[in-house]
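**Q** Have a look at this prediction, sequence included:
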Amino acid sequence: MIEVMRESDGDVLGLRATGKLSVADYHDVLEPAVRTLLARFDSLKVLLCLDEPFHGWTPRAAWANTVFDVKHRNHFAKVAVVGAPRWEQWCVNVAAALLMSGELRTYDRERLDAAWGWVRT
């Protein structure tokens, strides 16, 4: 499940992911939230918190995520990923180098406040 975090404000979009993400999470939550903000801002700053229990993506959701990243590769000025295991941080960094033009940082879950501070600047 993906939900928009209440800390979201202006061009900063906070997202909390729990459980196993489905293609519906992208179509029903993520895409409308991004589309609404891009109507007001040229680029966005995103914080993605992978909260417990996070179990990854279904195969269709993984594909939806890739398509989403390619479609919006120039729309994200900053992306902070919080709570990813070390191996997933490596995957996120590799994918970001290929699929996005903005900055990306990964943070351990206990550094959520630092991630918010960075993404808001």
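**A** Everything's here; your move.

**Q** contacts, neighbours, all on C-alpha from now
**A** Fine.

**Q** Against P59, how distant is K20?
**A** For K20, the distance to P59 equals 10 Å [Cα to Cα, to the nearest Å].

**Q** actually G10, not the one I typed
**A** Per Cα to Cα, G10 is found 32 Å from P59.

**Q** Quick check: S101 touching F76?
**A** Yes: with contact defined as Cα atoms under 8 Å, S101 and F76 form a contacting pair (7.4 Å).

**Q** of these two, who's got more company?
**A** F76 (22 against 15; other Cα atoms under 10 Å).

**Q** Now do the buried residues in the one helix or strand V67 maps to.
**A** Here V67 sits within helix 59-71, counting by DSSP states H and E. Burial within helix 59-71, assessed by neighbour count using 16 or more other Cα atoms under 10 Å, is assigned to A61, A62, A64, N65, F68, D69.

**Q** now stretch 50-58
**A** L50, D51, F54, G56, W57.

**Q** Select from those every entry located in strands.
**A** L50, D51, F54, G56, W57 (DSSP state E).

**Q** Show me the two of the residues you listed that sit farthest apart.
**A** D51 and W57 (13.4 Å; Cα to Cα).

**Q** thinking again about what came up before, summarise which helices and strands the helix holding V67 is packed against.
**A** helix 23-25 (3 or more Cα pairs under 8 Å, 6 or more residues apart in numbering; DSSP states H and E).

**Q** report the angle between the axes of the helix or strand following the helix it packs on and helix 59-71?
**A** Following helix 23-25 in sequence order, the next helix or strand is helix 31-38 (DSSP H and E). Interaxial angle, helix 31-38 versus helix 59-71 (axes from the mean of the first three to the mean of the last three Cα atoms, to 10 degrees): 10 degrees.

**Q** centre of the chain versus helix 31-38, how much separation?
**A** Relative to its chain's centre, helix 31-38 lies at 13 Å (Cα atoms, centre = their mean, to the nearest Å).

**Q** mind listing what's buried in that helix?
**A** Neighbour count says helix 31-38 has A33, V34, L37 buried, by 16+ other Cα under 10 Å.

**Q** What of stretch 15-33?
**A** Using 16+ other Cα under 10 Å as the test for burial, stretch 15-33 gives L15, R16, A17, T18, L21, S22, V23, D25, Y26, V29, L30, A33.
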